[in-house]
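Undergrad: Predicted structure and sequence below. I'll ask about it afterward.
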Amino acid sequence: MAKFLYVQTRGRENPERCFTVFFLATTARSMDHEAAIAFTQTGLSIFEEGFARQVNALDQSGKTLADFIDMAVARGVQLLGCRLSLPMVRLDPLEDGPWPLEWIGAADLHEEILAADRVVYLS
């Protein structure tokens, strides 16, 4: 079993680029691998209130970004939010949102990178 770490750096400015990371991480979990997604820079903005429920998948399936996030969480994908990126987004780390974000700093991210068997950077 491998451990995958996906690093997502894009968010509300490119909503069409936000689905892939959840599809990949969910697939990894479905194959019995560990998977975590670290959201840094504006990648964290997808968790701003209401955003993920308003962005529809491009495949005309009727699914939203929130559906993809829910699927990943249900499969056990770990969601990591970069505290250093908070000034770029409208999020309060003390408020509980609809998804379980674990807040990390730079040293934590480096530890996650070192612990992963594969790191995938998505921009």
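TA: Thanks, I have it. Numbers count the residues shown, from 1 in each chain.
Undergrad: The residue nearest in space to the middle of the chain pairs with what?
TA: Central residue of the chain (C-alpha atoms, centre = their mean): residue 37, 4.6 Å from the mean position. Taking DSSP bridges as the rule, residue 37 bridges to residue 6, residue 79.
Undergrad: On the pLDDT front, check it for me.
TA: Residue 37 carries a pLDDT score of 98 in this model.
Undergrad: these two touch, right, it and residue 21?
TA: Yes - at 5.5 Å, residue 37 and residue 21 qualify as touching, with contact defined as C-beta atoms under 8 Å. Quick note: C-beta positions are derived from backbone N, CA and C, even for glycine.
Undergrad: anything in contact with each of the two?
TA: Both residue 37 and residue 21 are contacted by 6, 8, under the criterion C-beta atoms under 8 Å, 6 or more residues apart in numbering.
Undergrad: Do you have the strands of this protein handy? List them.
TA: 3-8, 34-39, 78-82, 101-104, 118-122 (DSSP state E).
Undergrad: Deepest in the core, which of those is it.
TA: strand 34-39 (a mean of 24; mean count of other C-beta atoms under 10 Å).
Undergrad: same for it, what does it pack against?
TA: For strand 34-39, the elements it packs on are strand 3-8, helix 20-30, strand 78-82, helix 106-115, judged by 3 or more C-beta pairs under 8 Å, 6 or more residues apart in numbering; DSSP states H and E.
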